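In: Coordinates only, no sequence provided:
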């Protein structure tokens, strides 16, 4: 085939491709490549055709050959980057998108994909910067705006994300991905009924869209509608049986029993997991741990748990030295002298109750008890404190810079926080912010909100850490996937809390031990309610009957009467927890 004939065959293949005549288009692309194996255009478009027809491995090989043949061709590098994103390989994807931008610095799609890659790499601020640049170049592109909304969701900027999705839906009212994003943003804002409505709109567009069924199951689970939730997850699995994420969600929806068909499906997927992303592989192993754990097969269970943690730790970034340096800086900055000089300068709101501690220590149970009081509201895990700090409200060099932080700035911080909090429940006397990681900021929170109440929940270190290690968290707990790192983080948390205990007045900080709460529930619940300045109410004893959305991994437990079976659970796996035991001691 001469050059002219090759060109004619290629142009004919492109026309057939555009007409969606994929078999004929593929045949002509292959004829071109038989005559000219390094034809970048044919390699590129045949790669895209393979993506359309589900042959992902072949697509990657073709796109890599195309990129080698035309390394300066931005479209090829960007499409390869996008494919690598879908395969869960964000580092490689970022490299390809960056190469595309070297050739075309104003390539909005590549900027957007680079933003998504950084989001998957755990660098949300950098991700948002690229997504915003992409939108500035293509302000009318709804796909880029939707991606920006996804990035804002990862950063916890739920209001901004909701606005993004609403703008997309204004021009594309049936855009399923934007409807699902809207549902996720609304659920994060505590508006589960509206979230469910958005997801139902997506299902009206496509009743067989597996991701929408999974999203519906998630919101129903938050609402405590567990049987319906399980049905939705099962529907997602039935529609997309090769997607480990849906199997993981279904595994989390109910305990496993002997002969459970869910276990057989997980085992079958795990036998050939080469086609899955790192996160999907991790999800498979965490689901298998749960199954074998509940079936009392601890050796098999822990093998999968260890593998799942190893896989996920390879994906998420964690800088242990930076974390410990931050903790030391907090202690060095918030000294008795520095705090005494500014005490009482903050905003006088009595609204906030901060429930803090390690994850999996009982913080959700304590919040549920408080939320069962008619004059209190449980707002869940809020990012308001983090957002205000990132916006510079605590000084540009937080935690350093306390010496130059004026009383008026502390008042503004407290007032801004209280105003945001009030928006969650305008009639409540007390509103609970149950973000465990707020333990890091107790010095600042006491100065900015001196009348706020702080409840620190403690649980046996081994139970706490094993419970963290046994769960796959949505985000933010990157220290939890290695037993040594987890134990060292716990020790650092314990040291910082000892600093705050010595620093803060006794009337603003209450310590609740989880084991004591379980053993002597009414006395501890009464102590908690009194500490928060509320009259006793019998509803607090029936916390499991309280109807509210719960968005943490304790969503099942807090809807059951009190139980003690989780105390000492680490002992079942003691023989494999050597790195944790060493780090804790």
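Out: Nice, thanks for sending it over. Note that the structure is a prediction, hence the values are computed from the model and not measured. Numbers count the residues shown, from 1 in each chain.
In: Low-confidence ranges, the stretch 401-550 of the chain, go.
Out: Applying pLDDT under 70 to the stretch 401-550 of the chain flags the ranges 548-550.
In: Run through the strands of it in chain order.
Out: 430-433, 453-458, 509-513 (DSSP state E, counting those that start in this stretch).
In: among those strands, which is nearest residue 306?
Out: Comparing these by their distance to residue 306 (Cβ to Cβ), the top pick is strand 453-458, with 26.8 Å. C-beta: built from backbone N, CA, C; applies to glycine.
In: What helices and strands are in contact with the closest one?
Out: strand 352-357, helix 363-371, helix 442-448, strand 509-513, helix 521-531 (3 or more Cβ pairs under 8 Å, 6 or more residues apart in numbering; DSSP states H and E).
In: circling back to that earlier point, winner for burial among the strands of the stretch 401-550 of the chain?
Out: Burial of these is given as mean neighbour count (mean count of other Cβ atoms under 10 Å); strand 430-433 ranks first at a mean of 25.
In: If you count contacts, what does the helix-or-strand element of the chain with minimal mean pLDDT end up packed against?
Out: Ranking every helix and strand in the chain by mean pLDDT, DSSP states H and E puts helix 142-154 at the bottom, with a mean of 85. In this structure, helix 142-154 makes packing contacts with helix 108-120, helix 124-137, helix 158-171, helix 176-188, judged by 3+ Cβ pairs under 8 Å, 6+ apart.
In: those strands in the stretch 251-400 of the chain, which residues are they?
Out: Under DSSP E, counting those that start in this stretch, the stretch 251-400 of the chain gives strands at 352-357, 376-378.
In: ok, the last one: who's next to it in the sheet?
Out: Pointing back at strand 376-378 there. strand 430-433 (parallel) (DSSP bridges).
In: One more: the longest one?
Out: When pairs are called by DSSP bridges, strand 352-357 turns out to pair with strand 430-433 (parallel), strand 453-458 (parallel).
In: now the last one and helix 521-531, what's the angle there?
Out: Taking axes from the mean of the first three to the mean of the last three Cα atoms, to 10 degrees, strand 453-458 and helix 521-531 form an angle of 150 degrees between their directions.
In: Next, residue 87: phi, psi?
Out: The phi/psi pair for residue 87 (degrees, to the nearest 10) reads phi -90, psi 0.
In: Please give me every residue in contact with residue 528.
Out: 366, 369, 370, 455, 510, 512 (Cβ atoms under 8 Å, 6 or more residues apart in numbering).
In: quick one: it and residue 536, what's the gap?
Out: Applying Cβ to Cβ, to the nearest Å, the value for residue 528 to residue 536 is 10 Å.
In: circling back: from the helices and strands packed on helix 142-154, which stretch is densest packed?
Out: helix 108-120 (a mean of 26).
In: Tell me which residues are up against that one.
Out: The contact list for helix 108-120 (Cβ under 8 Å, 6+ apart) reads 74, 77-78, 81-82, 85, 88, 90-91, 93-94, 97-98, 100-101, 104, 124, 126-131, 133-135, 137-138, 141, 143-144, 147-148, 150-151, 154.
In: what about 6 Å?
Out: Contact partners of helix 108-120, identified using Cβ atoms under 6 Å, 6 or more residues apart in numbering, comprise 78, 81-82, 85, 90, 93-94, 97, 100-101, 126-127, 130-131, 133-134, 137-138, 144, 147, 151, 154.
In: Turn the helices and strands packed on strand 453-458 into TSV, including distance to residue 478.
Out: Below are the helices and strands packed on strand 453-458 laid out as TSV (distance: least, Cβ to Cβ, whole Å):
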stretch	distance to residue 478
strand 352-357	18
helix 363-371	19
helix 442-448	22
strand 509-513	27
helix 521-531	31
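In: what's the closest of these to residue 474?
Out: That would be helix 363-371 among these, by Cβ to Cβ, at 14.4 Å.
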